[in-house]
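1. Sequence first, then the predicted structure:
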Amino acid sequence: MKEYRDTGTYDALLCFSGGKDSTYTLWLLRKKLGLRVLAVTFDNGFLPEQTSKNIFSPNTLMRASSICTACISIVKFGALRIALEKNIQFIMFGWSSGQSPITSAIMKNNPQIIKMIQNALYKPLHELMGDDINPCFLEKKHIEKGYNFPYNISPLAFFGYDEDDILRKITKMGWKLPIDIDSNTTNCLLNSFANIVHKKKYGYHPYALEMTKLVREGYMERYAALEKLMEPENKKTVAAVKKKLGL
């Protein structure tokens, strides 16, 4: 990583959601590795007030539902565009080993593969949102004009994952758990509604795969994973989300 230190203003771009994992990842990158980090947040309109406070707090300084997939697509391509234009060589994600296994924790972005993935994701989102979505995706020039594509890195996959320890550390930095969220998120009010939609459509919880990996790898007890998956969604939050979406 040292060979890239002088290529730009920042050493890494972090997709920073304000949740517990990305907050802890920011701490790791800054305090443990001493990297110059550009933290980028995508506001999907459903961030709890406390999440905004956690993100912008002076103390602190992205298998899933289709709704989450749409959001994370915007996050990933938007972050890639920023990294390309600012010549940042590493894009960091605060994903647990359940979300990003060690085998894919470090991956070099390939322009042609990125182009194919974007083509599949961009069209349905553009049909819904129009040209407002364009700044969040790559343009033709990013693929064809010799930009140096960065690596995607998920530090928590190889730094270890202990949820209780993470919560202890970031709480000391001033991070607080938002209210009205479900047990599978620490940063998004939309999550409960997304879970309901996914379970109704497919018959299983969208976090089941992630919880299974965490249990198998010894990062979470089986009973704790089942508790998270069985906890009912917050009806008040779901109603507020549906109202905001006009449903």
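-> Looks like it came in fine. Residues are numbered from 1 along each chain as shown.
2. CA only for contacts and neighbour counts going forward, please
-> Will do.
3. So if we follow the domain assignment, how does this protein break up?
-> 2-159, 177-245 (automatic domain parsing).
4. starting at the chain centroid, how far to the longest one?
-> By that I understand domain 2-159. 7 Å (CA atoms, centre = their mean, to the nearest Å).
5. C-terminal to the lowest-mean-pLDDT helix or strand in the chain, what's the next element?
-> Using mean pLDDT, DSSP states H and E, helix 49-56 stands out as the lowest-scoring helix or strand of the chain, at a mean of 70. Helices and strands here follow DSSP states H and E; after helix 49-56, the next one along the chain is helix 66-85.
6. quick one: buried residues of that following helix?
-> Neighbour counts over helix 66-85 (16 or more other CA atoms under 10 Å) mark 68, 72-84 as buried.
7. Distance of residue 140 relative to residue 67?
-> Going from residue 140 to residue 67 by CA to CA, to the nearest Å gives 26 Å.
8. List just the nearest of the buried residues of helix 66-85 to residue 26.
-> residue 79 (15.4 Å; CA to CA).
9. Any regions of the protein where pLDDT drops low?
-> 1-8, 52, 55-65 (pLDDT under 70).
10. Residue 143: what's it in contact with?
-> Going by CA atoms under 8 Å, 6 or more residues apart in numbering, residue 143 touches 111, 112, 115.
11. hang on, the earlier thing: with distance to residue 167 added, can I get the domains of the chain in CSV?
-> Shown next, in CSV, are these (distance: least, CA to CA, whole Å):
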stretch, distance to residue 167
domain 2-159, 7
domain 177-245, 9
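12. now the strands for the protein?
-> For the chain, the strands defined by DSSP state E occupy 12-15, 37-40, 90-93, 106-108, 151-153.
13. Can you add distance to residue 176 and give those back as a markdown table?
-> What follows is those, written out as a markdown table (distance: least, CA to CA, whole Å):
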| stretch | distance to residue 176 |
| --- | --- |
| strand 12-15 | 19 |
| strand 37-40 | 19 |
| strand 90-93 | 20 |
| strand 106-108 | 30 |
| strand 151-153 | 26 |
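14. how about these in JSON lines, adding distance to residue 204 and mean neighbour count?
-> Formatted as JSON lines, the strands of the chain follow (distance: least, CA to CA, whole Å; neighbours: other CA atoms under 10 Å):
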{"stretch": "strand 12-15", "distance to residue 204": "28", "mean neighbour count": "26"}
{"stretch": "strand 37-40", "distance to residue 204": "32", "mean neighbour count": "19"}
{"stretch": "strand 90-93", "distance to residue 204": "26", "mean neighbour count": "26"}
{"stretch": "strand 106-108", "distance to residue 204": "29", "mean neighbour count": "16"}
{"stretch": "strand 151-153", "distance to residue 204": "29", "mean neighbour count": "21"}
